[in-house]
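Novice: Got a sequence here, can you build the structure:
(one chain, ligands or ions: 3)
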Amino acid sequence: MFLSIDVGNSNMVFGFYDPEQDRWTHQLRLPTRGDMVLTWLEKNIRLYMLENDLKASQVKAVGISCVVPVITKPLIKFVEAFFDKPVHLVHVKSQSQIRVNTKNPTEIGTDLLANAEAAFQIYQGPCIIVDFGTALTFSVINKKGELLGVNIVPGLETAIKSLFMHTAKLPEVKLELPSSAIGKDTVHAIQAGILYGFAGLVRGMLSSIRAEIPLEFKVIATGGLSAILTQLKEEFDVIDKELTLNGIKLIAEKNFKNNKA
Ligand SMILES: Nc1ncnc2c1ncn2[C@@H]1O[C@H](COP(=O)(O)OP(=O)(O)O)[C@@H](O)[C@H]1O
Ligand SMILES: CC(C)(COP(=O)(O)O)[C@@H](O)C(=O)NCCC(=O)O
Ligand SMILES: [K+]
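Specialist: Ligands and ions are numbered 1, 2, ... in the order given. Have a look, this model is predicted:
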């Protein structure tokens, strides 16, 4: 089995890939905490593996993407001790099919690198990846596999939390699509604003990107909230929630192979 670990700002996902079944058979999702205690992590992983009849010895290699720097080192240390297998941390210098063509390539989130690698290898050709995580990001890749740039917007939950935190009277609402765009009470007003508003934002961003670069882009949506905006179905060629896990695996495997040779 291959283990991909995707540490985002809201969740850490531990994806177990079985090469015989050619799929991610198990995914453990834990909340991301900057003050994470390693004994807590170990307890959760042990329990999950026990419940799912997974053994540490079945994991042959590990790939990690982490966009929360305080977690990176302790996580690698833990994974190395727990699995005792090769570990690759995705970084901008990892060998991959993607070339980052931006001003400061080292700034780029490694989850976005992983997304780009998976999208380019699996779906091929020019693509735009829309990742609905804590942040909502758009990554633009041309047909040569150059990552031309990224847009970053607050994610849907982040926008809802931000309204709640920065106002006296607005409640924290559930992410549910109301039946009409015009809000009839405060909760409805926020839900309509976020869900109809973000659908417009995504359409607008895609159209601005296409206006700047008129390529036949495939649009790939990913991230925890990628299926929430049901109005956007037509805009996406595919919703692939495993894109980041796949990208981490593809990059890690390429780097293990080339380092052995
Ligand atoms: N399987 C899921 N079902 C419903 N909501 C989810 C799921 N996974 C994540 N979410 C929600 O989607 C948001 C973004 O999550 P995620 O894509 O994991 O973000 P990040 O990568 O930034 O940690 C979070 O608010 C999270 O609670
Ligand atoms: C843009 C992100 C915050 C997205 O993280 P996520 O929503 O997956 O938690 C992350 O990729 C990041 O910290 N990037 C660094 C800045 C950049 O990519 O340019
Ligand atoms: K992510």
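Novice: Would you mind listing what in the stretch 151-261 of the chain touches ligand 2?
Specialist: Ile152, Gly155 (CB under 6 Å from any ligand atom). C-beta: built from backbone N, CA, C; applies to glycine.
Novice: How are the helices of the stretch 151-261 of the chain distributed by residue range?
Specialist: Ranges of helices within the stretch 151-261 of the chain are 156-166, 186-212, 243-260, based on DSSP state H, counting those that start in this stretch.
Novice: do the first one and ligand 1 meet?
Specialist: Yep, that's helix 156-166 we're talking about. Yes - for helix 156-166 and ligand 1, the contact criterion (CB under 6 Å from any ligand atom) is met by Glu157.
Novice: list the helices and strands that helix packs on?
Specialist: Contacts defined by 3 or more CB pairs under 8 Å, 6 or more residues apart in numbering; DSSP states H and E place helix 156-166 against helix 186-212.
Novice: for the helix it packs on, packing partners?
Specialist: Counting by 3+ CB pairs under 8 Å, 6+ apart, helix 186-212 packs on strand 127-132, strand 135-141, strand 146-154, helix 156-166.
Novice: Identify the bridge partners of whatever residue of the stretch 151-261 of the chain ends up closest to ligand 2.
Specialist: Residue of the stretch 151-261 of the chain nearest ligand 2, by CB to the nearest ligand atom: Ile152 (5.0 Å). As for beta bridges, Ile152 partners with Thr137 under DSSP bridges.
Novice: In JSON lines: the helices and strands packed on helix 186-212, plus mean neighbour count.
Specialist: Shown next, in JSON lines, are these (neighbours: other CB atoms under 10 Å):
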{"stretch": "strand 127-132", "mean neighbour count": "25"}
{"stretch": "strand 135-141", "mean neighbour count": "23"}
{"stretch": "strand 146-154", "mean neighbour count": "17"}
{"stretch": "helix 156-166", "mean neighbour count": "15"}
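Novice: Among these, which comes closest to ligand 3?
Specialist: Of all these, strand 127-132 sits nearest to ligand 3, with 5.8 Å by CB to the ion.
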